[in-house]
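Student: what follows is a predicted structure for the sequence shown.
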Amino acid sequence: MSESKFISDSTEFNAKLRALDASSLVVLTDNNTSQHCLHKITDNALNTINFHHIELPHGEGTKTLDSAKSVWNQLIELEIDRSAIIVCLGGGMICDLGGYVASCYKRGIRTVYIPTTNLAMTDAALGGKTGVNFGSAKNQIGTFHLPELVLIDTKFLETLPNEELLSGFAETIKHALVADKQLWEDIHSTIEPWADMDIIHRSARIKLDIVENDLHDLGVRQALNFGHTIGHAIEAISHATSSPLLHGQAILYGIAGEAWISHQKKLLSKVDLQSITSYLSKLIDDIPLPKMNHDDIMKSMIQDKKNTNGQIIFTLIDGIGSSKQGISIKAALILGALQFISKMKLN
């Protein structure tokens, strides 16, 4: 996705959206973004443009094939044609689901993203990955489908509770650790880095630069999986409990565990590991760690899309600001990482 499609000014966004000459616009939201964010784009980015509106329930439980079918049915009822554009207004769930719906409808119609969370601004709305969850496995059904435009406007962050801000910030931490040591240092010296426009833009730029070199996730883009092998498994386990974690909350734990594995593989120094875990400890202080049955965790990890030939494949960090992809890790080391996370939570 080119830099010209990554826009911060709503007036410029409006002009570029008009230039796309869509036959119609369909704005997809969840019920939270309908209430808190829809009026912001009707007052600004879409203030003179007529559009249809489709609303879904909020939450990760909506990111399913059944929800995709519901949206497809509504698109057909509205007689939406191939020249239309779906505008995804929301967080990661809406961007993932809306992009998937658009990529399949009439063999592909265009999308525009207006992310409303820092997680979506720095991750889900960028790079063209779309998908839905299938059973207990995250993002198992999906496509690559790049948006035409992305509006990054931090005023939407004003609508978020603190736990959502911190959850989204996990992806920025990941970007710094795999690609930008200076960003990691600047995060430490910024009072509220999860809402800082410069930090958000630099985080988004890291992802865009990586994706432009590997759209289909066959090489360097796998750096962006750091923290996600363990993190996705913890997230899946938590959703079977009464205290499900937000995506980024689970990823914070995943980053800690995979940093520990990086140290055990002699890629990360003890000093750097301590720097990472010391910072993460402050963020996870109020985040409940689900009780983890090791067999269930391993079963979840086996479903990870990166795996090949029955091996569980990790991306690890080779010092802060650098990464190595495609590393097979044995079960004993993974279980050691889970024990490390559990002890970290007790400190």
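Tutor: Cool, got the structure.
Student: residue 186: how many residues sit nearby?
Tutor: Using other CB atoms under 10 Å, residue 186 is surrounded by 16 other residues. (Each C-beta comes from the backbone N, C-alpha and C, glycine too.)
Student: and the closest residue in space to it that isn't next to it in sequence, how far is that from residue 160?
Tutor: Nearest residue to residue 186, sequence neighbours excluded (CB to CB, 6 or more residues apart in numbering): residue 199, at 6.8 Å. Using CB to CB, to the nearest Å, residue 199 is found at 15 Å from residue 160.
Student: go on, residue 87?
Tutor: For residue 87 relative to residue 160 (CB to CB), the value is 20 Å.
Student: neighbour count: those two, which is higher?
Tutor: Ranked by neighbour count (other CB under 10 Å), residue 87 and residue 160 place residue 87 first, with 29 against 21.
Student: shaky segments in the stretch 1-150 of the chain?
Tutor: 1-4, 44-45, 47-48 (pLDDT under 70).
Student: try it again with 90
Tutor: 1-15, 18, 39-51, 60, 135-140 (pLDDT under 90).
Student: what's the answer for the stretch 201-347 of the chain, then?
Tutor: Judged by pLDDT under 90, the stretches of the stretch 201-347 of the chain that qualify are 212-219, 236, 239-243, 285-286, 288, 290-311, 343-347.
Student: the helices in it, which residues?
Tutor: 228-238, 247-264, 270-283, 294-302, 331-346 (DSSP state H, counting those that start in this stretch).
Student: any idea which of those helices gets closest to residue 49?
Tutor: Evaluated over the helices of the stretch 201-347 of the chain, closeness to residue 49 peaks at helix 247-264, with 31.1 Å, by CB to CB.
Student: and the closest one, what does it pack onto?
Tutor: helix 162-179, helix 228-238, helix 270-283, strand 313-317, helix 331-346 (3 or more CB pairs under 8 Å, 6 or more residues apart in numbering; DSSP states H and E).
Student: with mean neighbour count and distance to residue 51 added, can I get the ones you listed in a markdown table?
Tutor: Formatted as a markdown table, the helices and strands packed on helix 247-264 follow (neighbours: other CB atoms under 10 Å; distance: least, CB to CB, whole Å):
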| stretch | mean neighbour count | distance to residue 51 |
| --- | --- | --- |
| helix 162-179 | 24 | 26 |
| helix 228-238 | 25 | 33 |
| helix 270-283 | 15 | 37 |
| strand 313-317 | 25 | 39 |
| helix 331-346 | 15 | 44 |
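Student: what sits against the residue nearest to residue 178 when sequence neighbours are not counted?
Tutor: Nearest residue to residue 178, sequence neighbours excluded (CB to CB, 6+ apart): residue 323, at 4.1 Å. Residue 323 is in contact with 177, 178, 179, 223, 226, 315, 316, 317, counting by CB atoms under 8 Å, 6 or more residues apart in numbering.
Student: farthest pair in the residues you listed?
Tutor: 179 and 316 (13.6 Å).
Student: ok but residue 112 is inside a helix, no?
Tutor: No - Residue 112 sits outside any helix when classified using DSSP: H, G, I helix; E, B strand; the rest coil, being strand.
Student: count residues in the vicinity of it, would you?
Tutor: Neighbours around residue 112, by other CB under 10 Å: 26.
Student: what count of nearby residues applies to residue 296?
Tutor: If we define neighbours as other CB under 10 Å, then residue 296 has 16 of them.
Student: ok, the residue nearest to residue 186 touching residue 191?
Tutor: No - assessed by CB atoms under 8 Å, residue 199 is found out of contact with residue 191, at 10.8 Å.
Student: what about the two, which has more around it?
Tutor: Neighbours were counted for residue 199 and for residue 191 using other CB under 10 Å; residue 199 has more, 22 against 6.
Student: which pLDDT does the model give that one?
Tutor: Here the pLDDT value assigned to residue 199 is 96.
Student: looking at this, it is in a helix?
Tutor: Yes - using three-state DSSP, the assignment for residue 199 is a helix.
Student: what's near enough to touch it?
Tutor: 172, 183, 186, 187, 190, 193.
Student: relative to residue 253, which of the residues you listed is nearest.
Tutor: residue 172 (16.1 Å).
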